[in-house]
Structure formats: C-alpha cells, structure tokens
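Chemist: The amino acid sequence is not available; the structure is as follows:
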C-alpha cells in the first residue's frame, strides 16, 4: 500500500507539470510572456543537456551555441533546400551534432580551462563555417521560409504550439537527466569531475564517460537548434554568436550547477526579464546574462537552486517533525569470513 | 599473482626506479618498506597504471598488463589506495565507498537515462557492496558524514573500504596505518590478516616498520629506486644491508 503512495507521490509532480504545460497556451496566448517563454523552452532543451556535461561531468563548454547552430542549419537546409519532412530533419539535426561531437571527442583528454578554450574555438569555427559555406547556408542572409513543425498528422499552427512542444521536450529530457543523476553512472560522472586519478583507480573509465556526456549534450543542443529553426521560420547567423554560448553557460551557473530545474528556471529568467523590461532579443544579450552571472552567485553561490533549497528547508524546519536517529551502524559483528575477492 | 620484472622509471634527472623486480601473491600480505624517496609511491603508480614505466614488465595472472591504464587494471582485480587518501570531500562516507563499488554496475548512459530494472539492481548491488566493505573494515561511525569532516586517521579506513568495495584480487595500500593510534593500528593489522586469509592479496607500504613486520609474511625493501632485499620478514629484519640502509638510519 505504501508503495503505491510512494510512486504516486513521485509521479504526481510530473503529471501536474505536463498538465500545466498543456494548459499554458490558454493562459499565455497573446501575452507578452509567450515569446520569451517559448525561447526559454527551446534553449532549455540545450540547457538540460548541459546539466549533464557541465553540472555533472564538470566540463565547461563555451561552444554549445555552435552545436545549436548545427542543429538549426541542418533542419533549415534539409527542409528548405532538400524538401525533407520535419521529423526526419530533426533526427538528422541530432545526428549531425552528435557526429561533430564524435569527431571532436579527443579534446576531452584535456581538462579545465584549456578544454573550455578549445570548446570556445569550436563555437567560433561553427560561425566561420556558416560564412565559408555561404552558398549553401545563405551566409549573412540566412535561410528563410522554413515549414512549420509537423509530427505525423499534427501541425503547429500557432506560436503557442511551440510552447507546448518545447516544454514537453524539456520535461522528458529533465526526467532522463534526473535518472542519470540517481544511477551509479551518475555517481561515476560526478566522481571523475572531483578527482580523475582516484576515479580511474576505482575502475571508472574517465575518458569514456566524459565522451558520453559530451555526445549527450551535443544531441540535446542539436534538438534545441532544430526546434528553434521551426519556430523562428527564418535562420540567421546572428543568433549563434558567442552570446548564446554564454547565455547557456550563465543559466547553469545562475540556476545552480548541481541542479536540473535551477538552470531551466534560470534560462526562463534570462529570457523573460529583458522582454518584460523592454530590451529583449532572441538571445539574452551578453550584457544581461553576463550581468546576472556576476550578480547572482555573489548573493547565492549555488544559484537559484540553493535559494530554493534554503527556502524549502526553512519552511520544513518550522513544521513539526521528529528528529531522525543517529545512523551509527554496528559493524562489530560482521563476519570477515564472508568477504572474498571477486572473480574478475 | 603479480610479477614485476625490471621496472624502470626516470623523471628528468632522477632515476626513480631502476630495474625493480618483485612478486606479490593473492592470499598473503607483502610488506614494502624503504626510506623517503626510495621510489615506493612511484612503483605503485607504475604498477597500477597511473604512470607509464620507461621499461620493464608487469605480469598479472599471466597477462602482460604493463601499459594498461588504471581503470582497466582495476577491472582486472588490481587496485590501490593513495598516500593522501584522495577521498571525494563533498561525498559522504557511504557515497565514497559506493564509488569504489561502481564495478558492480554494468549499465551505461542509455539505460541509466531510462532507469531500467537493471539500473535498479545495479544501484542496490553498489549500495550493498559499499555497506559490506565498510562492515569488513569495522566502520562503526557515521556513514552519512561528509568525508571532509572525518578525522585524518579514519579517512584512511574509508579509503581502504573504498578500495575493497570492488572486491579486488590484489590491493596496494599506501600507508594505511598513518594517523591511527596503537589500538586502531592493531585492529587494522588483524583485519588485514583476515582479508589475506580470505584470499585477498595485500601489499602494504608503510613507514611503521613494526606494523609491517607484524602482518607481512614477506617484505620487499626499496632504497634509491632499487630493491635491496626481498624475502621472509624474519630474514629481512636481520639482514645487515637492510639495517644499514634503512632500519639503522631510522633507529
């Protein structure tokens, strides 16, 4: 009986979240918040990928904007110039970012600041390539007249449809990422960030799991870029300047590196506030995201997630509850006779 | 059975290891002693895959594992602890040891995403392996305390449990008794001998010569990157070369 209560307590928040997302168009249609929340959701897809790469594996990537660009241009080129249907084009977007991630995997042997600089170079190279292959990509002029997103017989007919799609994808990915966090694999990811040598000595294949995180984040960025293409209808290289990479990174730091929903809330904040205040653009401006990056950690290291946890703990402490017993385990009687080497 | 032959390693101008050879068997305790700078840590690093030796051979159960990286060797049953423990400071005692038990989990990124039943099983196996390892070393303090809050001597015990959690066949222990008082050292000695009796191969590197001679059946003595003596503990204690090079200077 308690098992059922337990499961429903875990599942309920997700059900509520899905319902809220499905109902959101009715509330937000025509509102000023619609556009920034759509963009927050679309960029949120890339942010969730980044919570694995940066939040868990500790790899600070300054070039995720480049991966988003790959996703966007793949969808743009395939749908406009090659007449592909939307869903295959999205799959191709994910495949192309993951291919580039595969090719660039060797850089993960480096760590720290040097690695971040290399990822920065990747972002810059992507931008240059858009220019270099101008004939294909339309260069400065970009690609126009993308079709609307169509999944099977459903087609996106209004802006708010993209709100639903983006945030449902964010919820699904968040669920996957939270599963990783609580699995032994997640523990291994976090361990190798803290101490690579100790982790190797304990059998963790450090390079292999860093590569997996890199591929995962790239795939998410590709999906984000692909969905962005359908929403924007028009792709321009302006969208993928350094500003986007910094915005994504800022969302991680402002939201809390150890959190999934913190960065998601942060990217929403980064999009919504400028819009409401009147200086919004598609990508949070460098000044704004950079500014938040300076200010928020100064008041709350650990970001929004830490603020949330403090608030929650404060409320819980005020409620009556029992003090848990100390957890001293008695090992005195454990027979060593049962403990043998493995058959590795 | 571990067989090291003619292992050499040079760092810039210093010959850290010069033609080091020794053997370590499963089911016994091998002691490794030597003054500071003798090359003990370098030897462990080269044998267990942190460094690459310049020349020489490491044979592990008949297989040449000389240049293999640390994580592969761990999977083959050969692991080690560190002189400075290198616990994960923000993780709890239990979580630290669970990382050591990661080998009991076989699920990769994809299945972990989906939290498949195998992931659930792996998670339980890892928790159980960690608990067992903590029990075996006699850990009766808090398991949910952060590692950085644990006292220095006790950290070594946690590191020992962490290394044992993967059920290795042979483990190098780098100064496992440092920071422990006499009673705790005696208890550790008993536990290490029990583990050896259960089939674990244990190589203990320590400065506490008394501790080594209490628990080791055989001892290897290093000085200036060379093996100057290897043999049964009683013989080594009486060996004049050893006494002069090491025990004499410490006395």
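Modeler: Sure, I can see it. This is a predicted model, so every value here is computed, not measured. Numbering: from 1, shown residues only, chains lettered A, B, ... in the order given.
Chemist: Name the nearest residue to residue A:258, ignoring sequence neighbours.
Modeler: Leaving aside its sequence neighbours, residue A:258 sits nearest to residue A:55 (Cβ to Cβ, 6 or more residues apart in numbering or on different chains; 6.2 Å). Glycine gets a C-beta too; all of them are placed from N, C-alpha and C.
Chemist: can you check residue A:212 too?
Modeler: residue B:109 (4.5 Å).
Chemist: who touches the one you found in this structure?
Modeler: Going by Cβ atoms under 8 Å, 6 or more residues apart in numbering or on different chains, residue B:109 touches A:180, A:185, A:209, A:212-213, A:216.
Chemist: Which helix runs longest in chain B?
Modeler: Ranked by residue count under DSSP state H, the longest helix found in chain B is helix B:117-136.
Chemist: can you map out the strands along chain B?
Modeler: Taking DSSP state E as the test, the strands found in chain B are B:2-11, B:14-24, B:29-33, B:55-60, B:63-64, B:78-80, B:170-174, B:201-205, B:218-223, B:226-232.
Chemist: so which of the ones you listed comes closest to chain A?
Modeler: Chain A lies closest to strand B:78-80 among the strands of chain B, at 5.8 Å (Cβ to the nearest Cβ).
Chemist: and that closest one, what other elements does it pack with?
Modeler: Identification of packing neighbours for strand B:78-80 by 3 or more Cβ pairs under 8 Å, 6 or more residues apart in numbering or on different chains; DSSP states H and E yields strand B:170-174.
Chemist: Pull out the buried residues from the strand it packs on.
Modeler: By 16 or more other Cβ atoms under 10 Å in any protein chain shown, the buried positions in strand B:170-174 come out as B:170-174.
Chemist: hmm, back to that, with mean pLDDT added, can I get the strands of chain B in JSON lines?
Modeler: Shown next, in JSON lines, are the strands of chain B (pLDDT from 0 to 100):
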{"stretch": "strand B:2-11", "mean pLDDT": "94"}
{"stretch": "strand B:14-24", "mean pLDDT": "93"}
{"stretch": "strand B:29-33", "mean pLDDT": "94"}
{"stretch": "strand B:55-60", "mean pLDDT": "95"}
{"stretch": "strand B:63-64", "mean pLDDT": "95"}
{"stretch": "strand B:78-80", "mean pLDDT": "95"}
{"stretch": "strand B:170-174", "mean pLDDT": "95"}
{"stretch": "strand B:201-205", "mean pLDDT": "95"}
{"stretch": "strand B:218-223", "mean pLDDT": "92"}
{"stretch": "strand B:226-232", "mean pLDDT": "91"}
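Chemist: Quick one: neighbours of the nearest residue to residue A:111 once chain neighbours are set aside, just the number.
Modeler: Of all residues not flanking residue A:111 in the chain, residue A:196 sits nearest, at 7.2 Å (Cβ to Cβ, 6+ apart). For residue A:196, the number of neighbouring residues by other Cβ atoms under 10 Å in any protein chain shown comes to 17.
Chemist: how much space between residue A:196 and residue A:62?
Modeler: Distance of residue A:196 to residue A:62, computed by Cβ to Cβ, to the nearest Å: 21 Å.
Chemist: So for stretch A:53-61, mean pLDDT?
Modeler: For stretch A:53-61, the mean pLDDT works out to 93.
Chemist: Can you give the distance from the lowest-mean-pLDDT helix or strand in chain A to the centre of its chain?
Modeler: Comparing helices and strands within chain A by mean pLDDT, DSSP states H and E singles out helix A:134-137 as the least confident, with a mean of 78. Centroid separation for helix A:134-137 versus its chain: 29 Å, with Cα atoms, centre = their mean, to the nearest Å.
Chemist: List the contacts of the next helix or strand after that helix.
Modeler: Next helix or strand after helix A:134-137 toward the C-terminus (DSSP states H and E): strand A:150-151. With Cβ under 8 Å, 6+ apart as the test, strand A:150-151 has contacts from A:85-87, A:156.
Chemist: Identify, from these, the entry nearest to chain B.
Modeler: Proximity of these to chain B, judged by Cβ to the nearest Cβ, is greatest for residue A:87, which lies at 20.7 Å.
Chemist: give the contact list for the nearest residue to residue B:98 once chain neighbours are set aside.
Modeler: Leaving out its chain neighbours, the residue that sits closest to residue B:98 by Cβ to Cβ, 6+ apart is residue B:130, at 4.3 Å. The contact partners of residue B:130, by Cβ under 8 Å, 6+ apart, come to B:94, B:97-98, B:100-101, B:161, B:165.
Chemist: In helices, which of the residues you listed appear?
Modeler: Of the positions in the contacts of residue B:130, B:94, B:97-98, B:100, B:161 sit in helices, assigned by DSSP H.
Chemist: gap between residue B:200 and chain A?
Modeler: 5 Å (Cβ to the nearest Cβ, to the nearest Å).
Chemist: Please tell me how far residue A:142 sits from chain B.
Modeler: Taken as Cβ to the nearest Cβ, the span from residue A:142 to chain B is 34 Å.
Chemist: Does residue A:255 touch residue A:268 like I think?
Modeler: No. Counting by Cβ atoms under 8 Å, residue A:255 stays clear of residue A:268, with 9.5 Å between them.
Chemist: Mind checking which of those two has more residues around it?
Modeler: Regarding residue A:255 and residue A:268, a neighbour count based on other Cβ under 10 Å identifies residue A:255 as having more, with 30 against 22.
Chemist: May I have the predicted confidence score for residue A:329?
Modeler: We have a pLDDT of 51 for residue A:329.
Chemist: Let me have the ones in helices among the contacts of residue B:130 in CSV, extended by pLDDT.
Modeler: Output for the ones in helices among the contacts of residue B:130, formatted as CSV (pLDDT from 0 to 100):
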residue, pLDDT
B:94, 96
B:97, 97
B:98, 96
B:100, 95
B:161, 96
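Chemist: what's the closest of these to chain A?
Modeler: Proximity of those to chain A (Cβ to the nearest Cβ) peaks at residue B:100, which lies at 5.0 Å.
Chemist: Residue A:281 and residue A:243: what is the separation?
Modeler: 9 Å.
Chemist: Residue B:200 too?
Modeler: Distance of residue B:200 to residue A:243, computed by Cβ to Cβ: 56 Å.
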